[in-house]
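Asks: When you get a sec, could you give me coordinates for this:
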Amino acid sequence: MERGQNLRIDPDRLWDSLMEMAKIGPGVAGGNNRQTLTDEDAEGRALFKTWCDHAGLDMGVDTMGNMFATRAGEDPDALPIYMGSHLDTQPTGGKYDGVLGVLGALEVVRTLNDLDVKTKHPIVITNWTNEEGTRFAPAMLSSGVFAGKHTQDWAYDRVDADGKSFGDELSRIGWVGDEPVGARKMHAMFELHIEQGPILEAEGKDIGVVTHGQGLRWIECTITGKESHTGSTPMHMRRNAGRGLALVTELVHEIAMKNQPNAVGAIGHIDVYPNSRNIIPGKVVFTVDMRTHLLDKLNAMVDEFMKRAPKLCEDIGVSFDCHIVGQFDPPAFDEGCVAAVRDAARELGYSHMDIISGAGHDACWINDVAPTAMIMCPCVDGLSHNEAEDISKAWAQAGTDVMLHAVLNTAEIVE
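Replies: Down below sits the predicted model:
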């Protein structure tokens, strides 16, 4: 079969599927709240399975709840090509983060069925469990178990804010499969995702060809001073942990800026004690998030932070302590798979550019066990993890068209 520009997905069918899935776990402001292992997650999984059944796919589920819908290939010995992402959302998430990658993969298969295209390699659509990590930390939990980064027992013991465990909730919603996690072998994997950043839209590009993911270090820090009255404690006698936080915040920004391009740093989660209007903070606990795509640069950023932050705090009479609570090294995606994405974008006439993923994705873990690449499409104003997250139908089509051709180039059409 000729694989030219005429081989495209059905954008209306894809969009209808996205909007239908968005009806499950609606948010309060137009987005979604379909957190992992909730009743809403179970309902979304059931709808996805129904669609896969209608597409003639064989559904498998592993012991972490990862879903694998297989379209048979012509060669029974050929390893499958995987596509997919995740259906779970943030508490105030959008309609497209993760979901586009799963339903875009389904649309690829539907298109192949429509055109009766046969491939040498089987093709598998994956819904990875608990990518977001918002209910059960860490993020990308189940793909991490699949790739051997975590043990299943450890993952099952993760608890949410109500003390409910991952293992118990997975069982409760009825999605514990019988496949050993990580037993599947892959020829390659492709993940389509919205960018979750502003670069593609600002550059006017249809497609981001993801060459690397960012490595990450989460550093939990504690600054300890002395609680005292804000009105009656002289300025020169204060041991203000809040002031230490301010100095360290500026340090994080300085380190990130001096390591441009493609380095970021910020302080997100902050707890201030005792958090009273008229008490100088005696303790502040916070997490520094540092990321870049080069391991040496990432380690250097962390080393500089570890060296300078204690001195900043010591100089104002407060103490500083920290330890790393989350980390993964930056992945460099497979050159062959990246080339397949780039060639597909060029073949289809879509404008494209190389890009580095600023967020973590399941593909970052799977890259350790199989050749992997990512495809990104723009999102409006770079907004994600927000109910106002938005993309256009044309962007969704472009990303899915590119995935279709990248997968076919890898799965090998059988005439």
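
Asks: show me the biggest helix of the chain in terms of residues.
Replies: Assignment by DSSP state H gives helix 295-315 as the longest helix of the chain.

Asks: helices or strands next to that helix in the packing?
Replies: The helices and strands touching helix 295-315, judged by 3 or more C-beta pairs under 8 Å, 6 or more residues apart in numbering; DSSP states H and E, are strand 215-224, helix 241-258, strand 263-273, strand 283-292, strand 319-328. For the C-beta atoms, the positions are set from N, CA and C on the backbone; glycine is no exception.

Asks: ok, Q327 - contacts?
Replies: Going by C-beta atoms under 8 Å, 6 or more residues apart in numbering, Q327 touches 215-218.

Asks: Repeat the analysis, applying 6 Å as the threshold.
Replies: R217 (C-beta atoms under 6 Å, 6 or more residues apart in numbering).

Asks: Who is it paired with across the strands?
Replies: Counting by DSSP bridges, Q327 is bridged to R217.

Asks: who's in contact with the helix or strand where D12 lies?
Replies: Here D12, judged by DSSP states H and E, is contained in helix 11-22. Identification of contacts with helix 11-22 by C-beta under 6 Å, 6+ apart yields 32, 95, 99, 103, 107, 393, 396-397.

Asks: which one in this structure is furthest away from the centre?
Replies: S232 (48.3 Å; C-alpha atoms, centre = their mean).

Asks: sorry, back to before: so how far is the helix holding D12 from its chain's centroid?
Replies: Distance, stretch centre to chain centre, for helix 11-22: 21 Å (C-alpha atoms, centre = their mean, to the nearest Å).

Asks: what comes up buried for that helix?
Replies: In terms of neighbour count (16 or more other C-beta atoms under 10 Å), helix 11-22 has its buried residues at 11, 14-15, 17-18, 21-22.

Asks: Can I get those in a markdown table including distance to P198?
Replies: As requested, these are exported to a markdown table (distance: C-beta to C-beta, whole Å):
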| residue | distance to P198 |
| --- | --- |
| P11 | 23 |
| L14 | 24 |
| W15 | 23 |
| S17 | 26 |
| L18 | 21 |
| M21 | 25 |
| A22 | 23 |
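
Asks: can you give me the helices for the stretch 301-415 of the chain?
Replies: 335-348, 362-366, 393-411 (DSSP state H, counting those that start in this stretch).

Asks: just so I know, which of those lies nearest E191?
Replies: Among the helices of the stretch 301-415 of the chain, the nearest to E191 by C-beta to C-beta is helix 362-366 (4.1 Å).

Asks: And the contacts of the closest one?
Replies: For helix 362-366, using C-beta under 6 Å, 6+ apart, the contacting residues are 128, 131, 140, 143-144, 147, 149, 189, 191, 213, 331, 372, 374.

Asks: thought T126 was touching G84?
Replies: Yes. If you go by C-beta atoms under 6 Å, T126 and G84 touch, sitting 3.1 Å apart.

Asks: before we move on, back to that, I'd assumed the residue farthest from the centre of the chain was in a helix, is it?
Replies: No. Read with DSSP: H, G, I helix; E, B strand; the rest coil, S232 is coil and lies in no helix.

Asks: Give me the distance between it and R135.
Replies: Noted for S232: a distance of 44 Å to R135, by C-beta to C-beta, to the nearest Å.

Asks: likewise G208?
Replies: For G208, the distance to R135 - C-beta to C-beta - is 28 Å.

Asks: Can you list phi and psi of the residue nearest to G31 when sequence neighbours are not counted for me?
Replies: Counting by C-beta to C-beta, 6 or more residues apart in numbering, E387 is the residue found nearest to G31 once chain neighbours are left out, at 2.8 Å. Note on E387: its backbone torsions stand at phi -70, psi -20 [degrees, to the nearest 10].

Asks: need the contact list for E387.
Replies: 27, 29-31, 92.

Asks: Closest one to K258 out of those, please.
Replies: Looking across the contacts of E387 and measuring by C-beta to C-beta, the closest to K258 is T92, at 33.4 Å.

Asks: And the pLDDT for that closest one?
Replies: Looking at T92, its pLDDT reads 96.

Asks: Likewise for L87?
Replies: For L87, the predicted pLDDT is 98.

Asks: you'd agree it is up against A46?
Replies: No. Using C-beta under 6 Å as the test, L87 is too far from A46 to be in contact (10.8 Å).

Asks: Who has more neighbours out of these two?
Replies: The residue with more neighbours, out of L87 and A46, is L87; 27 against 14, by other C-beta atoms under 10 Å.

Asks: residue contacts, that one?
Replies: 44, 99, 102, 127.

Asks: can we see that at 8 Å?
Replies: Counted by C-beta under 8 Å, 6+ apart, L87 has contacts 21, 34, 41, 44-45, 48, 98-99, 102, 127.

Asks: okay if I get those as CSV plus pLDDT and secondary structure?
Replies: CSV is the format used below for the contacts of L87 (pLDDT from 0 to 100; DSSP: H, G, I helix; E, B strand; the rest coil):
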residue, pLDDT, secondary structure
M21, 98, helix
R34, 98, coil
D41, 98, helix
G44, 98, helix
R45, 98, helix
F48, 99, helix
G98, 98, coil
V99, 98, helix
V102, 98, helix
N127, 98, strand
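
Asks: Turn those into a markdown table, including distance to R172.
Replies: As requested, the contacts of L87 are arranged in a markdown table below (distance: C-beta to C-beta, whole Å):
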| residue | distance to R172 |
| --- | --- |
| M21 | 22 |
| R34 | 16 |
| D41 | 11 |
| G44 | 16 |
| R45 | 13 |
| F48 | 19 |
| G98 | 22 |
| V99 | 23 |
| V102 | 22 |
| N127 | 18 |
